[in-house]
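Visitor: return a 3D structure for these sequence lines:
(one chain, ligands or ions: 1)
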Amino acid sequence: MHVLGESGERAFLLGNEAIARGALEGGIDVFACYPGTPSSEIGDTLSRVSRYLKDFMHVEYSTNEKVAFEVAMGASLAGKRGMCAMKHVGVNVASDALFSFAYIGAVGGFVLVSADDPSMHSSQNEQDNRWYGLASKVPVFEAHSVQELKDLTKECFEISERFELPVILRTYTRLSHSRGIVKLGEIPEKKLERVDWKPDPERFVVLPSNARRLKLELERKLERLERFLESWSFNRIEDAKDKRLGIVACGLSYSYVKDALKRLNLNLPILKLSSMHPLPLRLIEDFVTQVEEVLVVEEVDPIIETFVRTISKEVHGKIDGLLPMNYEYNVPIVEKAIAKVLGVPTSLNYDKIIERSKVISKVAPPRPPVLCPGCPHAPVFYVLRKIAKEEKLCLPSDIGCYTLGYNLPYRAVEICVCMGASVGVSNGLSWVLKDKIVATIGDSTFLHAGIPGLINAVYNGANFVLIVLDNLTTGMTGHQPHPGVGLRANGSEGKRVKIEEIAKACGVDFVEVVNPYDVRRLEKKIREALNRDLAVVIARQLCAIVRMREMRRRGAKLLPFEITDRCNNCGECYRVFSCPAIYLENGKPQINPALCTSCGVCAKICPERAVRVKRT
Ligand SMILES: Cc1ncc(C[n+]2csc(CCOP(=O)(O)OP(=O)(O)O)c2C)c(N)n1
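Guide: Predicted coordinates for the structure are as follows:
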């Protein structure tokens, strides 16, 4: 595994692999995460590593981000090094623990990796998690390259331990999913040894009487850290003779600035910043007073810019509209901004290039994302659409592959807000709607945040059907296991937590498990559920991608299906069920054997019984 290369070697690492390597070099003891793009490869890498370095550390996929945070916090409170990783919205889930842990402070080094997603490549919002650092009084660091990401991860452990503070390492899609050559450092020889518990209740118990004192201590720690950051090697001024414009370049934006200056053939002073909070204000002051005007380049919100504006009047950035307020940056965006301030031409006519790319993109056929062939979620949406033709339904859903049920022809996802919200919102809807409610939620999402809403429904008497789309994996983020699967991050078998037993234990009386490929039984059970007050239907069938992978590994053969002459081209299979493995050839539906997963659903729904197993 290249992430386990020898010290001194150079490895071509993904940003997230670099974080994993940095954690190993930092002697991590406990790592916990809940997957979410763009953070998932950190956990996936450490999960693979834990199979090789068996006693080095504990690695786990936790049930949600708050739990993951608390797992790493537990290690830190015992004096060990803990790290947790999550996507930006995961920090919303973990934030309750974050704010209080700031007061207590780290004992062993503690790093929270927040992977933000500017431009929302795979997220519901574009929040800038540096605000969490400011709000919770937790330091936030950012890197500008894959190499620096690795080095900074290790450094974060050092800073956390030295200043007794939890720290946030903020990364983002462009960096986490970039590859770069990384010079590897030493992974310490160590084993995860158990230690004696050292209680410190006056610090670890955030009763108001302790918290009042701890708040002042926290502020003193941050002041000390600020002094340290003024001469910290990751923050630095790169001076230049041309003082017309100085650029404050934050995190990855530093790389854009360097490239943009190269293209413009300019040499301007740069303040490269890796500490987003606390800010090295003296260093910033030093820099700003040396130049005529300042440009602040940062993603996503104008946080540093707002601070710099308190020091200097001649500040450009997002607030004066020079740089876009939204979405991620790139070299042309930064180059255009610098060129505009200095009144020089850009190296290329970017506007013309963008116009041309718009013309080219019109030629390419639109390819909206679809559920995979054989996806076990598809029959559920098919059945819901069928029932919804007879009686109007309200269809809240949740976040996962199944959110694609929003697309035509299903349109079986009518509300999607955040993980677990399908259940909570169904509670509220059930008190005000005339229509019946059928909520859909994935297995991982149910375990993450669906259970409290279900208990609430039982207790308060809310009335809806909850379908758990149980594909026995966390599909959307790369097939990580979860408690409902039983497998652990290091590959060992854990005790399987059964969703049907949870639903029953929550107090739900009607709980049924069905195989969604058995469409008739699925429809029967959903209809029965609709006649009950509160019901849970678990549609359980392995994710088609995982099933196909396993079959290939075993060398198992798929049953080939074909469409016979009985077909009258009614379109039920390709238009209503919308299987992506069925296409039209000369106006007749055909099964593409390269895509078909032999789920057999098309054969079951065909009104003419025209689909059958091919006779060979
Ligand atoms: C708070 C939060 N954490 C993580 C994610 C990333 N994420 C999106 S969907 C999902 C889980 C999907 O798994 P599952 O519910 O089993 O549905 P599947 O994709 O397998 O259909 C995750 C982890 C998120 N959107 N929000």
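Visitor: residue of the stretch 151-300 of the chain closest to the ligand, please.
Guide: Among residues of the stretch 151-300 of the chain, the one nearest the ligand by C-beta to the nearest ligand atom turns out to be Thr173. It sits 13.0 Å away. From N, CA and C alone the C-beta is placed, and that goes for glycine too.
Visitor: mind checking which helix or strand the closest residue to that residue other than its chain neighbours is in?
Guide: Closest residue to Thr173 apart from its sequence neighbours, by C-beta to C-beta, 6 or more residues apart in numbering: Pro38 at 4.3 Å. Secondary structure from DSSP states H and E places Pro38 outside every helix and strand.
Visitor: same deal with the one 4 residues further on?
Guide: Using DSSP H and E, Ile42 sits within helix 40-52.
Visitor: before we move on, the earlier item: return the distance of the residue nearest to Thr173 relative to Asp44.
Guide: Between Pro38 and Asp44 the distance, using C-beta to C-beta, to the nearest Å, works out to 12 Å.
Visitor: for the two, indicate the residue with more neighbours.
Guide: In this comparison of Pro38 against Asp44, neighbours counted by other C-beta atoms under 10 Å, the higher total goes to Pro38 at 24 against 21.
Visitor: so the more buried one sits against Ser122, correct?
Guide: Yes - under the criterion of C-beta atoms under 8 Å, Pro38 lies in contact with Ser122, with a separation of 7.2 Å.
Visitor: joint contacts of the two?
Guide: Common neighbours of Pro38 and Ser122 are listed as Thr173 (criterion: C-beta atoms under 8 Å, 6 or more residues apart in numbering).
Visitor: A helix includes His448, no?
Guide: Yes - with DSSP: H, G, I helix; E, B strand; the rest coil as the criterion, His448 is part of a helix.
Visitor: excluding chain neighbours, what is closest to it?
Guide: Asn64 (4.3 Å).
Visitor: how about the residues of the stretch 451-600 of the chain by the ligand?
Guide: Where proximity means C-beta under 6 Å from any ligand atom, the interface of the stretch 451-600 of the chain facing the ligand comprises Leu469, Asn471, Thr473, Thr474, Gly475, Met476, Thr477.
Visitor: please convert these to TSV, extending it with neighbour count.
Guide: Formatted as TSV, these follow (neighbours: other C-beta atoms under 10 Å):
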residue	neighbour count
Leu469	29
Asn471	28
Thr473	23
Thr474	27
Gly475	24
Met476	21
Thr477	22
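Visitor: which one among those residues gets closest to Phe577?
Guide: Using C-beta to C-beta, Leu469 is the member of these that sits closest to Phe577, with 16.2 Å.
Visitor: I'd assumed Cys375 was in contact with the closest one.
Guide: No - counting by C-beta under 8 Å, no contact exists between Leu469 and Cys375, whose distance comes to 9.5 Å.
Visitor: which of the residues in whichever helix or strand Lys258 is part of are buried?
Guide: Secondary structure assignment for Lys258, by DSSP H and E: helix 253-264. Using 16 or more other C-beta atoms under 10 Å as the test for burial, helix 253-264 gives Ser253, Tyr254, Ser255, Tyr256, Val257, Lys258, Ala260, Leu261, Arg263, Leu264.
Visitor: name the SS class of the spatially closest residue to the third one that is not a sequence neighbour, please.
Guide: This means Ser255. The spatially closest residue to Ser255, leaving aside those adjacent along the chain, is His144, at 4.9 Å (C-beta to C-beta, 6+ apart). When states are read from three-state DSSP, the local structure at His144 comes out as coil.
Visitor: hey, which helix or strand in this structure has the poorest pLDDT?
Guide: When the helices and strands of the chain are compared on mean pLDDT, DSSP states H and E, helix 350-363 comes out lowest with a mean of 90.
Visitor: now that one, how far from the chain's geometric center?
Guide: 30 Å (C-alpha atoms, centre = their mean, to the nearest Å).
Visitor: what do you get for stretch 268-286?
Guide: When C-alpha coordinates are averaged (C-alpha atoms, centre = their mean), stretch 268-286 and its chain have centres 29 Å apart.
Visitor: and that stretch, how far apart are its ends?
Guide: Start-to-end span of stretch 268-286 (C-alpha to C-alpha, to the nearest Å) is 15 Å.
Visitor: kindly report the same for stretch 397-416.
Guide: Start to finish, the residues bounding stretch 397-416 are 5 Å apart (C-alpha to C-alpha).
Visitor: roughly how far does the closest residue to the ligand within the stretch 351-500 of the chain sit from Gly400?
Guide: In the stretch 351-500 of the chain, the residue found nearest to the ligand is Gly442; the distance is 2.1 Å by C-beta to the nearest ligand atom. When C-beta to C-beta is the yardstick, Gly442 and Gly400 sit 4 Å from each other.
Visitor: can you check Ala106 too?
Guide: With distances taken as C-beta to C-beta, Ala106 is found 33 Å from Gly400.
Visitor: check Ala603 too.
Guide: Ala603 is 27 Å from Gly400, where distance means C-beta to C-beta.
Visitor: these two - which one has more neighbours?
Guide: Neighbours per residue, other C-beta under 10 Å: of Ala603 and Gly400, the larger number sits with Gly400, 25 against 18.
Visitor: with only the CA atoms kept, save stretch 314-327 in PDB.
Guide: Taking only C-alpha atoms (Å, rounded to 0.1, in the frame of the first residue of the first chain), the coordinates of stretch 314-327 have been written out as PDB:
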ATOM      1  CA  GLU A 314      -7.800  49.200   0.700                       C
ATOM      2  CA  VAL A 315      -9.000  45.600   0.800                       C
ATOM      3  CA  HIS A 316     -10.300  43.700  -2.200                       C
ATOM      4  CA  GLY A 317     -12.000  40.400  -2.200                       C
ATOM      5  CA  LYS A 318     -15.600  39.100  -2.000                       C
ATOM      6  CA  ILE A 319     -17.100  42.100  -0.200                       C
ATOM      7  CA  ASP A 320     -16.300  44.600  -3.000                       C
ATOM      8  CA  GLY A 321     -17.400  42.100  -5.600                       C
ATOM      9  CA  LEU A 322     -14.000  41.600  -7.100                       C
ATOM     10  CA  LEU A 323     -14.100  37.800  -6.400                       C
ATOM     11  CA  PRO A 324     -17.300  35.700  -6.500                       C
ATOM     12  CA  MET A 325     -19.100  35.300  -3.200                       C
ATOM     13  CA  ASN A 326     -20.100  31.700  -4.000                       C
ATOM     14  CA  TYR A 327     -18.700  28.500  -5.200                       C
END
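Visitor: buried stuff in it?
Guide: Of the residues in stretch 314-327, those with enough neighbours to count as buried (16+ other C-beta under 10 Å) are Val315, His316, Gly317, Lys318, Leu322, Leu323.
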